[in-house]
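Participant: no sequence on this one, just coordinates:
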């Protein structure tokens, strides 16, 4: 045993007392004392991070040493005089690197191994699928298969789940073993471009981004609320005679007049669907549990399907509105369920606030001051621009539809009051009554008996119409989708619904929107709009019904 111990001592001495075990990263005994004067250098650590890479990738070699005048790494020509540091290397195959630390008394070495995944004789791993068919919300998906070649089969299929890329359109699923994508009922709408990942048996990965274009199916939005609702009432002066609202609260604010009308729908968000989606479910859709974590709640269970589309998708960190219209049948009333920051919990859902219109065949509004899933206390779904109403019986390039409701829009900061038909607000500024007393904030103010003064303008729920004196922009003649929307802005106006980008016009995501066409809307600014006094139409502050 003494002979064996002496042999091992001699072996360790010849290696500078270091460990060459890749599993330990080449780290010698951390309790070894620093070199005495006239001694060879010591290497405290020498490691590769990561220790395993794919072909074409790099790793970092780092070291900590003491007492060396020069350090070198072999293979290669790298040298250094720094006691600690790092260098990037890109080996083409599995390689053991040796660090040599040298001074006048001798040298010490330590080694670490970088493993490089093996590429099979079939060549590098490559995703060969270049496109997948589109689909229509509410229908089955035609199917698609993600395929790959090279590498070492078998493959595993997945997609990036970070916030940098969207998931598959809601309702679609990916078979991890076969790469097949299928759905019996598509929930999402808009254009999604997930990043697919194929992993082979050696853990080598290949990626490809593939787009899915999903047409919406939102014609039902036209039937939400009765025909005599303020949400379906024209406001143009020529056919209604409704006057301009001269209240000191009403005008477009000076900081907003130059803001362009910017469509927050279409394909503006790149890989993610742009806009707020909405879905219809049958009267028999079962309820699931809903937990509200922050603000007001109108329901604790609702007919929210697992494939309900989420604004910005489930991988968004934004408002994540979830809007579900339940069709009526028999004793079941048609109802509108809306959630803010909705999250699917694998069966139940959670949200930060929600709202319910339990019978949208009536004109009932939500209670004053309680709030909904937007700042103005308005319903979101029926006030969205949607491709079904614009296209009508035509096609995306030759639409023939009409917009017959005000479209919700945003400004940077609303006034901290609301006017009918809104029921809430989240803003700033104050107003005073004719006697000089301040009107309590976050309350309803009247258009027929307006405040005497206000420190800012733009109350929640105010409807603004495109002025009759403003001509259609010249681009409207070659932008048929925008032309139909502009006619709607003239006849039904825009309604202030939330805080956001000033001039932001809100619609549904839909693969049929044409961004080049919609860009024509940006020829208009908020200065082209005027507030409308609709007080003569109001029957009750708790109802959206109009008197004539």
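Facilitator: Sure thing, it's come through. Predicted model only: the values in this text are computed from it and were never measured.

Participant: mind showing which ranges of this structure have poor pLDDT?
Facilitator: Along the chain, segments meeting pLDDT under 70 span 1-37, 118-122, 268-269.

Participant: quick one, helices of it?
Facilitator: All helices of the chain, identified by DSSP state H, fall at 2-14, 237-240, 387-391, 480-491, 515-518.

Participant: For residue 522, list the residues it contacts.
Facilitator: By Cβ atoms under 8 Å, 6 or more residues apart in numbering, the contact set of residue 522 is 260-263. C-beta coordinates here come from the backbone N, C-alpha and C atoms, glycine included.

Participant: for residue 155, same thing?
Facilitator: Contacts for residue 155 (Cβ under 8 Å, 6+ apart) come out as 148, 179, 198-200.

Participant: likewise residue 547?
Facilitator: Contact analysis of residue 547 by Cβ under 8 Å, 6+ apart lists 536-539.

Participant: pretty sure residue 444 is in contact with residue 419, am I right?
Facilitator: Yes - with contact defined as Cβ atoms under 8 Å, residue 444 counts as touching residue 419 (7.1 Å).

Participant: Neighbour count: these two, which is higher?
Facilitator: residue 419 (29 against 19; other Cβ atoms under 10 Å).

Participant: Can you read off the backbone torsions of the more buried one?
Facilitator: When read as degrees, to the nearest 10, the backbone of residue 419 gives phi -120, psi 160.

Participant: all numbers from here: first residue = 37
Facilitator: Will do, 37 is the new start, and the previous item becomes residue 455.

Participant: residues contacting it?
Facilitator: Taking Cβ under 8 Å, 6+ apart, we find residue 455 in contact with 285-286, 480-483, 495-498.

Participant: next one: residue 282
Facilitator: Residues in contact with residue 282 (Cβ under 8 Å, 6+ apart) are 486, 569.

Participant: And it, how far from residue 487?
Facilitator: Taking Cβ to Cβ, to the nearest Å as the measure, residue 282 and residue 487 are separated by 12 Å.

Participant: As JSON lines, the contacts of residue 455 with distance to residue 205 would be great.
Facilitator: JSON lines is the format used below for those (distance: Cβ to Cβ, whole Å):
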{"residue": "285", "distance to residue 205": "42"}
{"residue": "286", "distance to residue 205": "41"}
{"residue": "480", "distance to residue 205": "40"}
{"residue": "481", "distance to residue 205": "43"}
{"residue": "482", "distance to residue 205": "45"}
{"residue": "483", "distance to residue 205": "43"}
{"residue": "495", "distance to residue 205": "38"}
{"residue": "496", "distance to residue 205": "33"}
{"residue": "497", "distance to residue 205": "33"}
{"residue": "498", "distance to residue 205": "36"}
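
Participant: What about these, which one has the most neighbours?
Facilitator: residue 498 (32 neighbours).

Participant: so what's that residue closest to, chain neighbours aside?
Facilitator: residue 532 (4.9 Å; Cβ to Cβ, 6 or more residues apart in numbering).

Participant: same thing with residue 74?
Facilitator: Nearest one to residue 74, counting by Cβ to Cβ, 6+ apart, is residue 141 at 5.4 Å.

Participant: That neighbour and residue 75 touch, don't they?
Facilitator: Yes - contact criterion Cβ under 8 Å: residue 141 and residue 75 qualify, at 5.7 Å.

Participant: Tell me where the longest strand sits in the protein.
Facilitator: Longest strand of the chain, by residue count under DSSP state E: strand 142-152.

Participant: Any buried residues in that one, and which?
Facilitator: Neighbour-count burial for strand 142-152, with 16 or more other Cβ atoms under 10 Å as criterion, is recorded at 144-152.

Participant: Show me what it is packed against.
Facilitator: Contact here means 3 or more Cβ pairs under 8 Å, 6 or more residues apart in numbering; DSSP states H and E; on that basis strand 142-152 packs against strand 78-85, strand 88-89, strand 95-102, strand 131-139.

Participant: got the angle between it and strand 131-139?
Facilitator: Between strand 142-152 and strand 131-139, the angle formed by their directions is 160 degrees, by axes from the mean of the first three to the mean of the last three Cα atoms, to 10 degrees.

Participant: the inter-axis angle of strand 142-152 versus strand 95-102?
Facilitator: 160 degrees.

Participant: What are the boundaries of the strands in the stretch 187-336 of the chain?
Facilitator: 192-195, 209-210, 216-218, 226-228, 231-235, 241-245, 248-251, 298-300, 314-317, 324-328 (DSSP state E, counting those that start in this stretch).

Participant: quick one on the thing from earlier: so what's the residue nearest to residue 498 up against?
Facilitator: If you count contacts by Cβ under 8 Å, 6+ apart, then residue 532 has 412, 444-447, 450, 458, 494-500 around it.

Participant: Select from those the one having the most neighbours.
Facilitator: Neighbour max across the contacts of residue 532 (other Cβ under 10 Å) = residue 498, 32 neighbours.

Participant: Would you mind confirming that it is in contact with residue 567?
Facilitator: Yes - taking contacts as Cβ under 8 Å, residue 498 lies within contact range of residue 567: 5.5 Å.

Participant: Mutual contacts of the two, please.
Facilitator: When contacts are counted by Cβ under 8 Å, 6+ apart, residue 498 and residue 567 are jointly contacted by 281, 286.

Participant: burial measure for residue 198, as a count.
Facilitator: 7.

Participant: can you check the one 4 residues further on too?
Facilitator: Here the neighbour count serves as a burial measure; for residue 202 (other Cβ under 10 Å) it reads 27.

Participant: residue contacts, it?
Facilitator: 228-230, 307-309, 349, 351.

Participant: how near is it to residue 211?
Facilitator: If you go by Cβ to Cβ, the gap between residue 202 and residue 211 works out to 19 Å.
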